[in-house]
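A.B. asks: Sequence plus predicted model, see below.
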Amino acid sequence: MLNISPNTINQALEVKAFRSFDKSSLSSANRLFTRWLVGTLILVIAFMMLPWTQNIQSDGKVTTLRPEHRPQTIHSTIAGRIEDWYVQEGQLIKRGDTIVHLSEIKAEYFDPKLVSRTTQQVQAKEGSIVSYGQKVIALDNQIEALNTELDYKERQLRNKIRQTQFKITSDSIDLERARIDLEIAERQFNRTDELYKQGIKSLTEVEDKRLKVQETRAKLVNVENKFETSRNELENNRLALTSVRYEYNQKIAKAESDKFSTLSARYDAEANVSKLQIEAANYEWRSQYYFITAPQDCYITKALKPGLGETVKEGDPVVSIMPADFQLAVELYIKPMDLPLINPGREVRFIFDGWPAFIFSGWPGQSFGTYRGKVVAIDNTISENGQYRILVAPDESEKPWPKELRAGSGAQGIALLNNVPLWYELWRRLNGFPPDFYNSSDNVKEPKLKAPVKSVKPG
């Protein structure tokens, strides 16, 4: 029966009495399959509507948050030979503990009293500086004495010049008087000679007058010589004044030259003292580098120069250490296209090598065995592998990371992003779109626009 008509006769007939009805009806398996198909479709639709946490996955390794807490190598500051080891590999040592003792291998540092003898040289040079200073003081006193003596000499010569000028004035008066006396004596002689020719005066009187003329002329010559002597003495005194200035200026110039030479030698000595002080300080500091000490509390990882008597050069690695106190972190590398999705404070979940975990990347709340962290640093420049490095530190509000973790262990990081429906995530991945990147509309402030001010032209 096809049951095409809306009028059914199933109620009027006993269906079970006829075998044809059993052969023409639907089986229970078909109805069960239909129910399962509809139920599965409903479950798939419901499953596709579940929330999914978008994420970025990357492999990284465990490191430390601060650079000084990372594994490091201690180098030799000076060249030397290994004499003694005071530690062994795996040993925990404190800051300042001696690791190895070096001896000197350079000939210029072999002297065991090098520092004390260099200090003695410094003291000797400092003594010479004091002597140079005293010599400069003595030369200053000498220059001052020469200036004082020059002043006294000039005053003395000026007094002599003044006295000579007075003497010249007196001699000029005597010279004028001698000339007048000579004129008088000549007139008397001439008058007596005329009287003698007239027979009034005797020859004796004429001879007396002639003798007096001669005496007066001799006196005039004497006075003239005396006057010229005084004038010459005045010129000599003036020349002496000039020469004494020149002489004392030469002495003062020589003393000043000696002073400047002494100052130059003093400055050279001070420079040598500074150089020797630097050398003495360098020698003293060098002696402290004979013992290599621990820069911090650490474990001795590996001795890189194990043999006694082995020589090391300046800057050669001697031993590698691992700091005892450190704060772990994980460094991850992300692609440039994912860089805008990462910001400081972003949550990251980790799976560490050696710690089992059961994880659903889209449902972090249903995962087991993961550890939580937060992004603390993002590099501003791209790395050599073409990706950007980020540094993730533990989240102190969650369970702590395992204490057994060591720097260099592997870690798989999952940076959690936005929550989207599962169907949207499948559609995004099928089309190759990146994860969503947007800001909350509540935090976006629309700019306030102002009406433009119209300019009014003056009438």
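C.D. replies: Now that the structure is in, tell me what you want to look at. Remember, predicted model here, so these are calculated numbers, not experimental data. Numbers count the residues shown, from 1 in each chain.

A.B. asks: Go ahead and list the helix or strand containing the residue nearest the centre of the chain.
C.D. replies: With distances taken as Cα atoms, centre = their mean, residue 278 lies nearest the centre of the chain, 19.5 Å away. Assigned by DSSP states H and E, residue 278 belongs to helix 203-288.

A.B. asks: Only C-alpha atoms, please: export stretch 171-183 in PDB.
C.D. replies: Presented in PDB, the C-alpha positions along stretch 171-183 are these (Å, rounded to 0.1, in the frame of the first residue of the first chain):
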ATOM      1  CA  ASP A 171     132.400 124.700  36.300                       C
ATOM      2  CA  SER A 172     130.600 126.800  33.700                       C
ATOM      3  CA  ILE A 173     130.500 129.700  36.100                       C
ATOM      4  CA  ASP A 174     134.200 129.200  36.900                       C
ATOM      5  CA  LEU A 175     134.900 129.000  33.200                       C
ATOM      6  CA  GLU A 176     133.100 132.300  32.500                       C
ATOM      7  CA  ARG A 177     135.000 133.900  35.400                       C
ATOM      8  CA  ALA A 178     138.300 132.700  34.100                       C
ATOM      9  CA  ARG A 179     137.500 134.100  30.700                       C
ATOM     10  CA  ILE A 180     136.600 137.500  32.300                       C
ATOM     11  CA  ASP A 181     139.900 137.300  34.300                       C
ATOM     12  CA  LEU A 182     141.800 136.600  31.100                       C
ATOM     13  CA  GLU A 183     140.200 139.600  29.400                       C
END
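
A.B. asks: That stretch: which residues count as buried?
C.D. replies: Within stretch 171-183, the residues that count as buried by 16 or more other Cβ atoms under 10 Å are 171, 174-175, 178, 181-182. (C-beta placed from N, C-alpha, C; glycine too.)

A.B. asks: closest to residue 380 among those residues?
C.D. replies: residue 171 (104.6 Å; Cβ to Cβ).

A.B. asks: looking just at contacts, which helices and strands does the helix holding residue 278 meet?
C.D. replies: Here helix 203-288 touches helix 114-197, going by 3 or more Cβ pairs under 8 Å, 6 or more residues apart in numbering; DSSP states H and E.

A.B. asks: mind checking how far the helix it packs on is from the chain centre?
C.D. replies: 64 Å (Cα atoms, centre = their mean, to the nearest Å).

A.B. asks: ditto for stretch 369-382
C.D. replies: 32 Å.

A.B. asks: Start and end of it, how far apart?
C.D. replies: 32 Å (Cα to Cα, to the nearest Å).

A.B. asks: Pull out the buried positions in that stretch.
C.D. replies: Quick answer for stretch 369-382 (16+ other Cβ under 10 Å): 370-375.

A.B. asks: Show which residue of the protein lies farthest from the average position.
C.D. replies: residue 199 (124.8 Å).

A.B. asks: Closest one of the buried residues of stretch 369-382 to residue 156?
C.D. replies: residue 375 (96.6 Å).

A.B. asks: so who does residue 426 touch?
C.D. replies: residue 48 (Cβ atoms under 8 Å, 6 or more residues apart in numbering).

A.B. asks: now the helix holding residue 278 and helix 114-197, what's the angle there?
C.D. replies: 170 degrees (axes from the mean of the first three to the mean of the last three Cα atoms, to 10 degrees).

A.B. asks: how distant is the next helix or strand after helix 203-288 from the center of its chain?
C.D. replies: For helix 203-288, the following helix or strand on the C-terminal side (DSSP H and E) is strand 291-293. Distance of strand 291-293 from the chain centroid (Cα atoms, centre = their mean) equals 27 Å.
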